[in-house]
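Asker: Predicted model and sequence follow; I will ask about them next.
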Amino acid sequence: MKPQDDAQLVTIGGHEVRLSHLDRVMYPSNGMTKAEVIDYVTRVSPVLLHQLHDRPVTRIRYPGGLDGERFFEKNTPAGAPEWVRRLTLPAAPGAPDEGKNVIFPFLDDLPSLVWAANQGALELHTPQWRVDPDGTVHNPDRLVIDLDPGAPAGLPECASAARLVADRLREDGLETVPVTSGSKGLQLYAPLPGTSTAMEVRAYARALAYELAGAHPDLLVALQRKDLREGKVLLDWSQNHPAKTTITPYSLRGREQPAVAAPRDWDELGPGLTQLSPSEVLQRLDETGDLLG
């Protein structure tokens, strides 16, 4: 097959990466091009790669930009460079493809990350567990609570909910970092020692969500029924299931305005809290470093 006329080969980390359609507009709302997407993931890679390390990556791809086709992808696509690390794992129990094997890619080096960006993979989603190169799947090394607002609730309500969740987790010895999701809400991440299975962590998160929803029924809900969520914040404990993934911190989102899943300082969770753009995230990294550490 002939390379496309505008394609070019660049050498990154000792590997040749094929780039194409660099002037393609990925975000029509502000004209952000594929070249600018690749520039963002390259500049943010020192912290993004830390989050991706040893985690299989599912992607939401927009090959033609946000105005074109959109699809969710688990398997490594045909034609991926041989140097993109991949591993065949059984789909987790409870996943829609349970019983099948999935050839997951691992985007934990810069050439692979740039290759994925060139594929239009704007959103990178990862589980709460890591896996060794030999296929050994570890217990979760983090707990996540996804705070999802039901209109007309928004980020202010999520900030209030986050403080309640963080205070309760602190009672159990867990410290949290808030991450605005780049979409509607935010997540809370708490590091774990890896001594509990994914289903044990899920059960703990579920019990905590129901406890808090019962104590604060005007603000919080633990059931995912849409008819219960108006004006409230869903404490989505299900993200801890071994089959579930969450948007990776520092990943772009496929939303009208380009935004990033961005770690925040607790002092920011007040009036005027907004989602952050790629340029804002890069500036913050220069000024304050990685809040996830």
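Answerer: On my side now, so go ahead.
Asker: which stretches of the stretch 151-293 of the chain have low pLDDT?
Answerer: In the prediction, the stretch 151-293 of the chain carries no residues with pLDDT under 70.
Asker: show me where it has strands.
Answerer: Secondary structure of the stretch 151-293 of the chain (DSSP state E, counting those that start in this stretch): strands located at 177-180, 186-191, 220-221, 233-236, 246-247, 262-263.
Asker: Name all residues that make contact with residue 251.
Answerer: With contacts defined as Cβ atoms under 8 Å, 6 or more residues apart in numbering, residue 251 is in contact with 48, 122, 123, 124, 125, 182, 260, 261. Heads up, the C-betas are built off the backbone N, CA and C, glycines and all.
Asker: Tell me which two in those residues are the farthest apart.
Answerer: Using Cβ to Cβ, the pair of these lying farthest apart is 125 and 260, separated by 13.9 Å.
Asker: now whichever strand in the chain runs longest and strand 186-191, what's the angle there?
Answerer: Once the chain is assigned using DSSP state E, the strand that runs over the most residues is strand 142-149. Angle of strand 142-149 versus strand 186-191, following axes from the mean of the first three to the mean of the last three Cα atoms, to 10 degrees, is 170 degrees.
Asker: any idea of the mean pLDDT for strand 142-149?
Answerer: The pLDDT scores in strand 142-149 average 98.
Asker: which residues touch that strand?
Answerer: Strand 142-149 is contacted from outside by 128, 155, 157-158, 161-162, 165, 169, 174, 181, 184-192, 201, 204-205, 208-209, 229, 232-237, 239-240, 246, using Cβ under 8 Å, 6+ apart.
Asker: thinking again about what came up before, between residue 125 and residue 260, which one's more packed in?
Answerer: Using other Cβ atoms under 10 Å as the criterion, residue 125 and residue 260 rank with residue 260 on top: 27 against 19.
Asker: I figured that one hits residue 181, correct?
Answerer: No: with contacts counted by Cβ atoms under 8 Å, residue 260 stays clear of residue 181, the gap being 9.3 Å.
Asker: can you list residues touching both of those two?
Answerer: By the contact definition Cβ under 8 Å, 6+ apart, residue 260 and residue 181 are jointly contacted by 253, 275.
Asker: And the helices in this structure?
Answerer: 34-52, 110-118, 155-171, 198-215, 278-288 (DSSP state H).
Asker: right, so those helices: which one is the most enclosed?
Answerer: Highest mean neighbour count of the helices of the chain: helix 110-118, a mean of 23 (counted as mean count of other Cβ atoms under 10 Å).
Asker: Find the centremost residue of this protein, please.
Answerer: The residue lying closest to the centre of the chain (Cα atoms, centre = their mean) is residue 247, at 1.5 Å.
Asker: partners of that one in the sheet?
Answerer: residue 125 (DSSP bridges).
Asker: and if you look at residue 73?
Answerer: Per DSSP bridges, the residues bridged to residue 73 are residue 59.
Asker: Could you pull up the residues touching it?
Answerer: The contact partners of residue 73, by Cβ under 8 Å, 6+ apart, come to 58, 59, 60, 61, 121.
Asker: before we move on, what about residue 206?
Answerer: By Cβ under 8 Å, 6+ apart, the neighbours of residue 206 are 222, 237, 238.
Asker: Out of those residues, who's the most crowded?
Answerer: The most crowded member of the contacts of residue 206, judged by other Cβ under 10 Å, is residue 237 (23 neighbours).
Asker: And the nearest residue to that residue once chain neighbours are set aside, how far from residue 216?
Answerer: Nearest non-adjacent residue to residue 237, counting by Cβ to Cβ, 6 or more residues apart in numbering: residue 205, 3.7 Å away. Distance, residue 205 to residue 216, by Cβ to Cβ, to the nearest Å: 16 Å.
Asker: Let's see if you can find the most crowded of the contacts of residue 73.
Answerer: Across the contacts of residue 73, neighbour numbers were computed from other Cβ under 10 Å; residue 121 holds the maximum, 26 neighbours.
Asker: which residues sit against stretch 172-182?
Answerer: 143, 146, 155, 162, 165-166, 169-170, 186-192, 247, 249, 251-253, 255, 259-264, 266, 269, 273-276, 291-292.
Asker: Selecting buried members of those residues in PyMOL, what would you type?
Answerer: Buried members of those, defined by 16 or more other Cβ atoms under 10 Å, are picked up in PyMOL with:
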select buried, resi 143+146+155+162+165+166+169+186+187+188+189+190+192+247+249+251+252+253+255+259+260+261+262+263+264+269+273+275+276+291+292
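Asker: Sweet, I'm off.
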